[in-house]
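**Student:** From the sequence below, what's the structure:
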Amino acid sequence: MNIKLTNRPTFVNIFKKKAVEQFSPVPYLATLLNCMMWVMYGLPFVHPNSVLVLTINGIGFFIEALYLLTFFIYSPRRLRLKVVGILAAELVFVGAVMGGVLSGAHTHHKRTEIVGILCVIFGTAMYASPLSIMKMVIQTKSVKYMPFYLSLVSFLNGVCWTTYSLLRFDLYILIPNGLGALLAAVQLILYITYYRTTPKDDSKGNVELPEVTPTSTSDSLTTVTVEN
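**Tutor:** Numbering: from 1, shown residues only. The predicted model follows:
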């Protein structure tokens, strides 16, 4: 349940390099699905008086869609097909849930319960989606593909929504965001642990120019000796 403006540096790098490199689309797809589910949860005919939940996740959905579009443009064909397939499955799923809730649940309480449980599942999945990246960090001892600000804001986001849920005593908001704050805290610990062992990019490289030494010959012609 957040606005992913912190992903901007990652996608600026993708745009500059015109390649997604080792960045995974899974966290962004999981966040998009999470936003769609929370938008549904905040609708007046599902859970009344949830304006903050509805508006914040609506904006988050729009931003995530832009990120995925950028990711799609600069991905290889195989990865594009994977993104499209997962995205299509998410849209079908959300549509099916919406149709089922409207036709099968006729009270706010029942609709809130059904959508709320799904939000707990997918909200937790969103926060857990960087686990594959965390595994890569441990194996490579590098945090190159785990942006610090994304982890930091995920932690702050989890704490804020946990506080909000306690004020309203909403378990459906409390459970995924409490777990999210914990998982984001683990990411921050990993970042601190492996930051120093992360290889630094050296754009200049270690290239030594050859040394040029002029020498004279007996016939007064000048030759050049190149010494590496």
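**Student:** gap between residue 179 and residue 127?
**Tutor:** For residue 179, the distance to residue 127 (CB to CB, to the nearest Å) stands at 6 Å. C-beta: built from backbone N, CA, C; applies to glycine.
**Student:** ignore the last one, residue 146
**Tutor:** Residue 146 sits 14 Å away from residue 127, taking CB to CB as the criterion.
**Student:** So between those two, which is more surrounded?
**Tutor:** When neighbours are counted by other CB atoms under 10 Å, residue 146 and residue 127 differ, and residue 127 comes out ahead with 26 against 21.
**Student:** which ones are touching the nearest residue in space to that one that is not next to it in sequence?
**Tutor:** What sits nearest to residue 127 in space, not counting adjacent residues and going by CB to CB, 6 or more residues apart in numbering, is residue 180, at 3.4 Å. Residue 180 makes contacts with 123-124, 126-127, 154, 157-158, 161, as judged by CB atoms under 8 Å, 6 or more residues apart in numbering.
**Student:** Which members of those residues are the farthest-apart pair?
**Tutor:** Comparing all pairs in the contacts of residue 180 by CB to CB, the longest separation belongs to 124 and 157, at 13.9 Å.
**Student:** before we move on, the earlier item: ok, so of the contacts of residue 180, who is nearest residue 51?
**Tutor:** Checking the contacts of residue 180 one by one against residue 51 (CB to CB), the nearest turns out to be residue 161, at 14.7 Å.
**Student:** Buried residues of the helix or strand containing the closest one, list them for me.
**Tutor:** Counting by DSSP states H and E, the element that carries residue 161 is helix 148-168. By neighbour count, with 16 or more other CB atoms under 10 Å as the criterion, the buried positions of helix 148-168 are 150-151, 153-155, 157-159, 161-162, 164-165.
**Student:** Who are the packing partners of it?
**Tutor:** In this structure, helix 148-168 makes packing contacts with helix 171-194, judged by 3 or more CB pairs under 8 Å, 6 or more residues apart in numbering; DSSP states H and E.
**Student:** Next, the angle helix 148-168 makes with the helix it packs on.
**Tutor:** Counting by axes from the mean of the first three to the mean of the last three CA atoms, to 10 degrees, helix 171-194 lies at 150 degrees to helix 148-168.
**Student:** re earlier: can you put the buried residues of helix 148-168 in CSV and add pLDDT?
**Tutor:** As requested, the buried residues of helix 148-168 are arranged in CSV below (pLDDT from 0 to 100):
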residue, pLDDT
150, 74
151, 78
153, 81
154, 82
155, 88
157, 86
158, 88
159, 91
161, 89
162, 92
164, 89
165, 90
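**Student:** which of those sit farthest apart?
**Tutor:** Based on CB to CB, the longest span within the buried residues of helix 148-168 runs between 150 and 165 and measures 22.0 Å.
**Student:** average model confidence for the longest helix belonging to the chain?
**Tutor:** If you go by DSSP state H, the chain has its longest helix at helix 77-104. Helix 77-104 shows a mean pLDDT of 90.
**Student:** distance between it and the chain's centre?
**Tutor:** Put simply, helix 77-104 sits 19 Å off its chain's centre (CA atoms, centre = their mean, to the nearest Å).
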